[in-house]
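**Q** any chance you can model this:
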Amino acid sequence: MSSLATHRLLAELPSVSAARFLPPSSKEAGEELLSVQLDLSVRSHATLSRNNLQASLVVSAKQGNVLHSSTVNVDSTIKATLHAASASGRRVVLRERSDADAGAKHAGGRGKKSVELWQGATLLREVHVNDVHGSFCIGEPYGSSSLCPLTEDAALYVADAKAADKPDPFPAYDARSGSNETRTEDRLKAFWYEEPLGEKSGSVLRPRVFLVRFNTKTAAQVSAQPEISQLDLSRLTEALGRGAGEVPHAQPAFSTDDSGHAAVVAHVYLGIQDGRQLGIIYCTNRPSILIRVAVPSAPRDDAKDTTSERKPAAPVKTAWIPNGAECLSAVIGASTRSVRVPDAGKSEVVYLQSPEGGPHSDESQLRCKLQNADQVVNLAPEDGDAGAFPGLFAGSLPASCFLSLDGTGKPTHLISNTLWGSKSTSLVVPISGSGPANILRPILANEQAGELPYSYNALATNGQRHALISRSCQSTPLQVFLVELGSDASPKNSLLIWKAVDGVADHPTVKKLSEIRALVATIPGTEQRALKNPIPIEAVLWSAATAGSVDAARPCLIYPHGGPHSALTTDFAPNIAAMCLEGYNIIAPNYHGSLGRGSEFVRALVGKCGDLDVRDCVATAEWAISKGLAQRDKLLVIGGSHGGFLSAHLIGQHPDLFKAAVMRNPVIDVGAMISTTDIPDWCFAEFGLSFPLHSSQGSTPVTLLPEQAQRLYDASPIKYVDQVKAPVLLQLGLSDRRVPPQQAKTFYHALKGTGRHVQMIAFPDADHALDTIEAESICHEASLAFFRDALKQ
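**A** Numbering: from 1, shown residues only. Reported below is the predicted structural model:
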């Protein structure tokens, strides 16, 4: 099988994008049955698209088996579905049709976007919102949606607010006014500059919170019109630290106020003082606060819409302008995210908090606001060896994360994911703040714990004692387990209910995955003695081992991750698995600055980018050679973003160490990036320079002072471009807002101009992640071909 076909087969294995339990658990002949849904995403290289599917499973908790399973394609017009937590069967569907769709045409264009309320197979309301706002915002970094648990008759979501209409530049003469002029204010309104949002925002400019009330439970049920409101935070901007007239964007969820009335909690992103919108995705350090606001007054039971010409599906627009907000953030000046509501009938919230500014990701705190008392859940890092608990490194909490393990039905614990060393790990955490967190690692009856280096991810809970947990490693693609927890929060029973390889398990390529071996190793000599807890870096080694041992004759790829504050973990990754099967050993150094080793380890890199991280990568390469895992004349390097930054540094600072380098959207000249990236603070903070986020901290820099420019130049790969000897392949997304394409182009022309061997491929529709199906496939193919040619030299 060709290398391209191998990669495509592995890349087309389904992944789980979301999971949930469908309420309620039912009993049949005294037996508890659990209904589970898995949202699946499957790449199609034939159509260069992603297909969305949904797997439904009915599981017998008593018998420990799957009684029924089915998988269906999801209608592509459905952008999100919100399920009621009760047994009512109610759900809300956010639907967006194409211009050519018959449903959109039939409604005269108004039905292109709609919000639907269903109960079982009955459509209770279809609210057309095409005239209200633009596209729905789904998923990170801006999307958020919630079905009201108290009434099941209202929904919150985020959508792109409409822009002002452009006036006719040459308006017709108005006989009534005796003029053909529109007001200057009206003519200019559509042309005022709007700051674009960051990476992964697409065409969205104005993400705003919308509330739909379907009004199916009023006394005038037949004639009451649905209502829609846009949350207007303009009166709160000064209190929230924004300039006058600026509207912050927020991620909402339904909650309850202290009086038991429905309310909305929201993370509000505050931006920075000079009006720039900082990119949010991959960043947990953004200025933000958690607030609670009241919802607009509900309609009277006898309220009727008397506008005779109003269409049944058209909503009544109502105002939602809170006069004030309750600040729920315990620490002002910290960054909040991922709010979850443990009990719909109480004013309690749980959320994550991280330091504001500085490293773009760091250790998180889990905070609980319970019974009017704010507390930090005890997840403090442990002192000790390199394997001790490093603290909580979680990007977000699962959408459904609460457990009740004491038999009362009230939330007692939650599940969270964290990076722990070079693996993803699931934890069961008591939300009372007392008691230790338990590690949640389901295994099969015939397995030994730790037999394979799995990474684990918690997907969802049923609010009681069951959880859905996934695991994977390079030799074992994604698997999903149903786990029952005991009262002590430890796994009681684990049942494998779904596998990504179902249907292709007997394919020779899938069977060959079992040959891949993984090793998480510590690299001696990398300890930083100035740190309070000097620990060596870790590196993950993958190889399709022959006779159980690593073949040093294979080419070896040094694969530094991006960020720099992230980590390459042992999770299954199609490109890494395919490269192993193609005959490469791969070593990923989780250098200083990586997550999952403690906050001190993260911050050790600040001010030392381009130096300490480079030395860690070189130490990893030399360790691999000394251990017989690599040969010096077959050493290669590949990396993206900060990993591309390191790849460029490595071939510049150590020109004789690597045979070739592949770089994906690399940072090349840090100082030249500050006015074009969506993370200008990164260019300062990561290199030890000040970047105030608030006026009280000083002025936000918009340009570089001469001494700052010199410092960033000295830390940039462009400084060493004249020393590069290795052939270079650059891969860039032309829609990248994080590391703009000019960075790779600068390196390309600098190398080209001095006669170096350099090639570049570019993808107009790909962004920083280069994760379009076309870009993923072509980049993999191009990298292998480039490395093969380089190794022949």
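
**Q** now do the SS call for residue 771.
**A** Following DSSP: H, G, I helix; E, B strand; the rest coil, we place residue 771 in the coil state.

**Q** now do it, the pLDDT please.
**A** In this model, residue 771 is scored at 96, pLDDT.

**Q** so what's the residue count around it?
**A** 13 (other Cβ atoms under 10 Å). For every residue, glycine as well, the C-beta is placed using N, CA and C.

**Q** and the one 10 residues further on, by the same measure?
**A** Taking other Cβ under 10 Å as the neighbour definition, residue 781 ends up with a count of 16.

**Q** got it, and residue 611?
**A** Residue 611 has 14 neighbouring residues, counting by other Cβ under 10 Å.

**Q** which residues does it contact?
**A** Applying Cβ atoms under 8 Å, 6 or more residues apart in numbering to residue 611 gives the contacts residue 715.

**Q** please report how far it lies from residue 628.
**A** Per Cβ to Cβ, to the nearest Å, residue 611 is found 29 Å from residue 628.

**Q** tell me how far residue 227 lies from residue 96.
**A** Separation of residue 227 from residue 96 (Cβ to Cβ) stands at 21 Å.

**Q** now swap in residue 632 and tell me
**A** According to Cβ to Cβ, residue 632 and residue 96 sit 55 Å apart.

**Q** neighbour-wise, which of the two wins?
**A** residue 96 (21 against 14).

**Q** the more buried one contacts residue 137, correct?
**A** No - contact criterion Cβ atoms under 8 Å: residue 96 and residue 137 do not qualify, at 11.1 Å.

**Q** on the pLDDT front, check residue 433 for me.
**A** Looking at residue 433, the pLDDT reads 62.

**Q** could you do residue 301 as well?
**A** On the pLDDT scale, residue 301 gets 44.

**Q** please apply the same query to residue 549.
**A** The predicted local confidence for residue 549 is 65.

**Q** do the same with residue 247
**A** So residue 247 comes in at 66 (pLDDT).

**Q** pretty sure residue 23 is touching residue 89, no?
**A** No - counting by Cβ under 8 Å, residue 23 stays clear of residue 89, with 9.0 Å between them.

**Q** I'd guess residue 156 is in a strand, am I close?
**A** Yes - looking at residue 156 with three-state DSSP, it is inside a strand.

**Q** report how many residues lie close to it.
**A** With other Cβ under 10 Å as criterion, residue 156 counts 23.

**Q** my read: it touches residue 208, true?
**A** No - judged on Cβ under 8 Å, residue 156 makes no contact with residue 208 at a distance of 11.2 Å.

**Q** so where's the stretch 501-650 of the chain uncertain?
**A** For the stretch 501-650 of the chain, the stretches flagged by pLDDT under 70 are 546-549, 552.

**Q** ok, which stretches of it are strands?
**A** 516-522, 538-544, 556-558, 585-590, 635-640 (DSSP state E, counting those that start in this stretch).

**Q** these: which one's closest to residue 163?
**A** Residue 163 sits nearest to strand 635-640 of all the strands of the stretch 501-650 of the chain, at 33.7 Å, using Cβ to Cβ.

**Q** that closest one vs strand 585-590, what angle?
**A** Going by axes from the mean of the first three to the mean of the last three Cα atoms, to 10 degrees, strand 635-640 is angled at 50 degrees with respect to strand 585-590.

**Q** in the sheet, who's paired with the residue lying closest to residue 67 once chain neighbours are set aside?
**A** Excluding its sequence neighbours, the residue lying closest to residue 67 (Cβ to Cβ, 6 or more residues apart in numbering) is residue 58, at 4.8 Å. In this entry, residue 58 is beta-bridged to residue 35, residue 68, by DSSP bridges.

**Q** run a quick neighbour tally on residue 58.
**A** Here the number of neighbours of residue 58 (other Cβ under 10 Å) works out to 16.

**Q** how about residue 593?
**A** 28.

**Q** was I right to think it contacts residue 562?
**A** No - counting by Cβ under 8 Å, residue 593 does not reach residue 562; the two are 11.0 Å apart.

**Q** give me the buried positions along the helix or strand harbouring residue 66.
**A** Assigned by DSSP states H and E, residue 66 falls within strand 65-73. Residues 66, 71 are the ones in strand 65-73 that count as buried (16 or more other Cβ atoms under 10 Å).

**Q** residues contacting it, please?
**A** 33, 40, 51-60, 495, 497-498.

**Q** from those, which is closest to residue 643?
**A** residue 40 (28.6 Å).

**Q** for the closest one, report the pLDDT, please.
**A** So, for residue 40, pLDDT stands at 98.

**Q** distance check, residue 123 against residue 381.
**A** Residue 123 is 51 Å from residue 381, by Cβ to Cβ.

**Q** likewise for residue 762?
**A** With Cβ to Cβ as the criterion, residue 762 and residue 381 are 42 Å apart.

**Q** could you do residue 196 as well?
**A** Residue 196 sits 38 Å away from residue 381, taking Cβ to Cβ as the criterion.

**Q** and what of residue 269?
**A** 28 Å.

**Q** so which pair among the contacts of strand 65-73 is furthest apart in space?
**A** The widest separation within the contacts of strand 65-73 (Cβ to Cβ) is 29.6 Å, between 51 and 60.

**Q** report the beta-bridge partner residues of residue 82.
**A** Going by DSSP bridges, residue 82 forms beta bridges with residue 92.

**Q** what's the burial count for it?
**A** For residue 82, using other Cβ under 10 Å, the count is 19.

**Q** tell me how far it lies from residue 149.
**A** 10 Å.

**Q** what touches both of these two?
**A** Counting by Cβ under 8 Å, 6+ apart, nothing touches both residue 82 and residue 149.

**Q** all helices for the chain, in order.
**A** Remark: helices assigned in the chain by DSSP state H are 3-11, 102-106, 184-189, 508-512, 574-582, 599-603, 612-626, 642-653, 680-685, 706-714, 742-753, 773-792.

**Q** burial check on residue 195, number of neighbours?
**A** Considering only other Cβ under 10 Å, residue 195 is surrounded by 12 other residues.

**Q** state the distance from residue 162 to residue 113.
**A** The spacing between residue 162 and residue 113, counted by Cβ to Cβ, is 11 Å.

**Q** any idea which helix or strand in this protein has the lowest mean pLDDT?
**A** Among the helical and strand segments of the chain, the one scoring lowest on mean pLDDT, DSSP states H and E is helix 102-106, with a mean of 54.

**Q** kindly format the C-alpha coordinates of the strand holding residue 66 as CSV.
**A** Extracted C-alpha coordinates of strand 65-73, given in CSV (Å, rounded to 0.1, in the frame of the first residue of the first chain):
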residue,chain,number,x,y,z
ASN,A,65,-22.9,-5.1,26.7
VAL,A,66,-24.2,-3.0,23.8
LEU,A,67,-27.8,-4.1,23.0
HIS,A,68,-28.3,-1.9,20.0
SER,A,69,-26.2,0.5,17.9
SER,A,70,-26.8,2.5,14.7
THR,A,71,-25.0,5.2,12.8
VAL,A,72,-26.6,7.8,10.6
ASN,A,73,-25.5,10.8,8.6
